[in-house]
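# would you be able to build a 3D model of this:
(chains A and B)
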Amino acid sequence: MKKTTKTENRKSRIQLAFSQIRAWLLGEMDPYDAVFLKEEPPLVTSRKELADPHLDTFNLRNAFEMRAFQRAYNIAGILVCIVMIVSMLITVSWLPRMGADYNPNNNEVSERYIEKGMEETGAVNIVAGMILDYRAFDTFGESCVLFSAVCCVFILLKNASHGATAAAEENDRIYEPKNDVILQRITTVLVPFIMLFGVYIMFNGHLSAGGGFAGGAVLGAGMILYLLAFGFAKTSRFLNEKVINVIVCTSLTFYCLAKSYSFYTGANGLHSIISTGTPGDLISAGLILPLNIAVGFVVACTMYSFYAVFRKGGM
Amino acid sequence: MDVLKILLMLFLIICALTVSRVKNLLTCIVIFMSYSCVMSLIWVLLQSPDLAITEAAVGAGVSGVMLLVTLKKIHMVDGGHKDEKDDENGKS
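All right, here's what the predicted structure looks like:
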């Protein structure tokens, strides 16, 4: 009885496939419909499997719900793809024509940035002048986003329990050699230079390439390397949760207050007490240098605390 | 210089294609980090050293380390074999 239904099933499937191909060739049906209606090939291949009574009961791939879900999943995936492609194509079609004289890259803002950037901000590196003087609130938003990301990671990953799993997580050297001599020696040589390079990138952000974000990332990477080599006991002497909170909050508050002052005086045409200095000096470019340092501190602390929280669930 | 640029671009494309084909997650992360390194070289060639420094520090350094830590956290460094063996022994 069962055997006959199986063979009938197969026969009807073959007929369906032939009718689909004919409809496709005659132009009555979209080829995409053929893709949608294509069914799984019958799983039953040998006589032994046919005889097994459990196969029909527990065969999840041929169950009605699974097949319906699979079809809905395929259709939903293709629909999402089509929506994404269409929305992106519409966005592209709204872009201005290439080379037209009314394009955004030809307006007066970028011209002014390039021509008067050094004179107005005092920064030799025009990019630093742009992101920390003209568009400083964007960078402030970025720093705040980083800070809130750290808060979210803390909320999600912090280990509140002190059971066996917490102890296992705390002892982060279960799978690693303890006190690896090669790593420690190399770290002792490398970390001062990495830190120095990070500080250089941070302090020279207004003179050469770099800036607060890149310098802070290098500093954070150096601290992570030190942490890898010597463990949490050494680093938590100078960097713990409280210190990081104080540093990050102080940097963000300083950034907000300094930029508010400069925007207030600039917008009202008042005289600012912060002079831009001579372009090219280390102490010049007004607020850009301290703002770079503030951003660098925020980024370095963020990188370090990300690593610590991911690794140990706390600091 | 053009030859170098084309070579780097080709390497970028090869990295992007292989990272989706490779099964081992650790290999994926290493390929991703090399992708970032090549990308920072291309930023230098495109005369934007600011982006190059940030890409090298964040893309090749910190995010790679973060991904490695995540891999260790979910015990997938050895392809998950160690975890399975622990489960069989009842150590979980």
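# please identify the buried residues of the strand or helix carrying A:Thr253?
Per DSSP states H and E, A:Thr253 falls inside helix A:241-268. By neighbour count on 16 or more other C-beta atoms under 10 Å in any protein chain shown, the buried set for helix A:241-268 is A:Ile244, A:Ile247, A:Val248, A:Ser251, A:Leu252, A:Tyr255, A:Ala258, A:Lys259, A:Ser262. Any C-beta I mention is one placed from the backbone N, CA and C, and that applies to glycine too.
# just those now: which is nearest A:Gly211?
Nearest to A:Gly211 among the buried residues of helix A:241-268: A:Tyr255, at 13.5 Å, using C-beta to C-beta.
# return the distance of the closest one relative to chain B.
Using C-beta to the nearest C-beta, to the nearest Å, A:Tyr255 is found at 19 Å from chain B.
# okay, the residue in the stretch 51-200 of chain A that chain B sits nearest to and B:Ile53: tell me how far apart.
Chain B sits closest to A:Val127 of the stretch 51-200 of chain A, with a gap of 5.0 Å, by C-beta to the nearest C-beta. A:Val127 sits 11 Å away from B:Ile53, going by C-beta to C-beta, to the nearest Å.
# with adjacent residues omitted, what lies nearest to the residue most central in space within chain B?
Geometric centre of chain B, nearest residue: B:Phe32, 2.1 Å, by C-alpha atoms, centre = their mean. Setting aside the residues directly before and after it, B:Phe32 is nearest to B:Val19 in space (C-beta to C-beta, 6 or more residues apart in numbering or on different chains), at 5.9 Å.
# how about residues contacting the strand or helix carrying B:Ile13?
Following DSSP H and E, one finds B:Ile13 within helix B:2-21. The contact list for helix B:2-21 (C-beta atoms under 8 Å, 6 or more residues apart in numbering or on different chains) reads B:Cys28, B:Ile31, B:Phe32, B:Ser34, B:Tyr35, B:Val38, B:Met39, B:Leu41, B:Ile42, B:Leu45.
# now do the second one, the pLDDT please.
At B:Ile31, the pLDDT value in this model is 90.
# next, the buried residues of the one helix or strand it maps to.
Per DSSP H and E, B:Ile31 falls inside helix B:25-45. Under the neighbour-count criterion of 16+ other C-beta under 10 Å, helix B:25-45 has B:25-26, B:28-29, B:31-43 buried.
# distance from it to the middle of the chain?
6 Å (C-alpha atoms, centre = their mean, to the nearest Å).
# and what of stretch A:244-258?
23 Å.
# those residues of the stretch 151-300 of chain A touching chain B, which are they?
A:175, A:201, A:208-211, A:213-214, A:217-218, A:220-221, A:224 (C-beta under 8 Å from any C-beta of the partner chain).
# just to revisit the earlier point, any idea how far chain A is from the residue nearest to the centre of chain B?
The gap separating B:Phe32 from chain A is 16 Å, by C-beta to the nearest C-beta.
# re earlier: tell me the angle of the helix holding B:Ile31 relative to helix B:2-21?
Angle of helix B:25-45 versus helix B:2-21, following axes from the mean of the first three to the mean of the last three C-alpha atoms, to 10 degrees, is 160 degrees.
# what average pLDDT does the helix or strand following helix B:25-45 get?
For helix B:25-45, the following helix or strand on the C-terminal side (DSSP H and E) is helix B:49-54. Mean pLDDT, helix B:49-54: 86.
# and if you look at stretch A:116-129?
74.
# so which residues make contact with it?
A:113-114, A:130, A:132-134, A:205-211, A:276-280, A:284-286, A:288, A:292, B:50.
# now the buried members of those residues.
Buried, going by 16+ other C-beta under 10 Å: A:113, A:130, A:132-134, A:205-207, A:209-211, A:276, A:279, A:284-286, A:288, A:292, B:50, out of these.
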